[in-house]
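*Asks:* Got a predicted structure here, sequence first:
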Amino acid sequence: MDRRNFLDLLAKGTSLGLLLKLSPLGMLEFVQAQSSANPFRRALLVDKAGSPIKLNTLKPHEPFVFAYPFAATPNILVNLDVELTPVDVRMPDGSSYRWPGGVGRRRSVVAYTSICPHTFSYAAPTLGAMGYRQPEGGRGPRMVCCAHLSAFDVSRGGEVRGGPAPHALAAVSLEYDAARDEAYAVGFLGNPQFDAFFREHNQALRGLFRTTARAREEVARATTIPYAEHTRVPTTCPVVG
Ligand code: FES
């Protein structure tokens with residue numbers, strides 16, 4: 001993946017000198033920040049038995065979790081029960097990317113990383129700092145990070161609605177097979193910040209996965225389970241924004 005992105009950037013005219021000045025770790029983050037769509041290995045969403053998830057079976061506003069692209073990086077999948085149209089998401093540096101809206105028969109299913117772009121709290125198995133909140137009152141559907149109360153509008157590409165998060169929640173790019181009503185995760189839109197996440201949680205991930213290599217193992221089939229099964233200790237906090 002790194003090599004392919006490196007070659008892509010060269011093809012787009014990025015200076016070889018600039019790329020070579022960056023450390024290998026720094027280069028990956030540079031690549032992710034520059035790219036509106038970060039491709040990773042394509043992974044079919046499946047249930048615990050290994051059968052493909054049928055998107056029309058997802059009950060509205062019931063969040064699910066699947067690890068992708070790495071074993072230790074959970075994402076949240078949810079059916080928002082309304083058709084979701086594309087949105088241009090702006091980043092702090094003035095760049096933007098187009099979030100394509102929902103997938104599924106009603107275009108109502110979305111997925112986002114659970115890694116908060118503020119200081120990388122996430123839906124850990126041991127503590128669910130990031131979670132889904134269904135619409136209430138005049139507020140739309142949100143993902144909320146209880147660590148410092150950042151809120152993200154998941155009907156609009158993960159735009160920040162409150163709190164200290166510096167930019168939108170990265171969205172999982174979902175490829176929809178309409179004939180089968182199944183979906184593949186194929187990458188991310190925005191900046192998922194995986195390297196910063198692995199640096200921040202290095203010790204804790206070793207506790208969960210025993211080795212960093214296991215935590216960073218790429219997922220070939222994305223097992224999708226209810227949020228409550230994945231995160232045994234959800235957190236609660238007010239929704240700001
Ligand atoms: S880590 Fe999520 S708001 Fe601070």
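*Replies:* Looks like it came in fine.

*Asks:* could you pull out the helices for the chain?
*Replies:* For the chain, applying DSSP state H gives helices covering 2-11, 16-21, 24-34, 194-200, 202-209, 212-215, 227-230.

*Asks:* And those, which one averages the lowest pLDDT?
*Replies:* With a mean of 33, helix 16-21 has the lowest mean pLDDT of the helices of the chain.

*Asks:* Report the contact partners of the residue nearest the centre of the chain.
*Replies:* Nearest residue to the geometric centre of the chain (C-alpha atoms, centre = their mean): Thr113, 1.9 Å. For Thr113, the contact set (C-beta atoms under 8 Å, 6 or more residues apart in numbering) comprises 73, 75, 122, 169-172, 188, 192. For glycine as for every other residue, the C-beta is placed from the backbone atoms N, C-alpha and C.

*Asks:* Check it and give its pLDDT.
*Replies:* On the pLDDT scale, Thr113 is placed at 98.

*Asks:* And it, how far from Arg107?
*Replies:* Distance, Thr113 to Arg107, by C-beta to C-beta, to the nearest Å: 20 Å.

*Asks:* same thing with Val172?
*Replies:* 15 Å.

*Asks:* So for those two, which residue has more residues nearby?
*Replies:* A count of neighbours by other C-beta atoms under 10 Å puts Val172 above the other of Val172 and Arg107, at 26 against 17.

*Asks:* Is the more buried one bridged to anything, and to what?
*Replies:* Listed by DSSP bridges, the beta-bridge partners for Val172 are Phe188.

*Asks:* For it, list the residues it contacts.
*Replies:* 68, 75, 77, 111-113, 185, 187-188.

*Asks:* and of those residues, the nearest to Leu149?
*Replies:* Tyr112 (17.2 Å; C-beta to C-beta).

*Asks:* Check whether Asp47 really touches Lys54, as I assumed.
*Replies:* No. Contact between Asp47 and Lys54 fails when scored by C-beta atoms under 8 Å: they sit 9.3 Å apart.

*Asks:* and the longest strand along the chain, average pLDDT?
*Replies:* In the chain, taking DSSP state E as the definition, the longest strand is strand 37-46. Throughout strand 37-46, pLDDT has a mean value of 90.

*Asks:* who's in contact with it?
*Replies:* Under C-beta under 8 Å, 6+ apart, the answer for strand 37-46 is 1, 4-5, 31-32, 52-53, 66, 68-69, 77, 97, 173, 175, 182-189, 192, 218-224.

*Asks:* Let's see that with 7 Å instead.
*Replies:* 1, 32, 52-53, 66, 68-69, 173, 182-189, 192, 218-224 (C-beta atoms under 7 Å, 6 or more residues apart in numbering).

*Asks:* can you check stretch 131-148 too?
*Replies:* Here stretch 131-148 has contacts from 61, 63, 76, 78, 80, 112, 116, 118-119, 121, 123, 129-130, 151-155, 161, 163-164, 169, 227, 234-235, 237, 239, using C-beta under 7 Å, 6+ apart.
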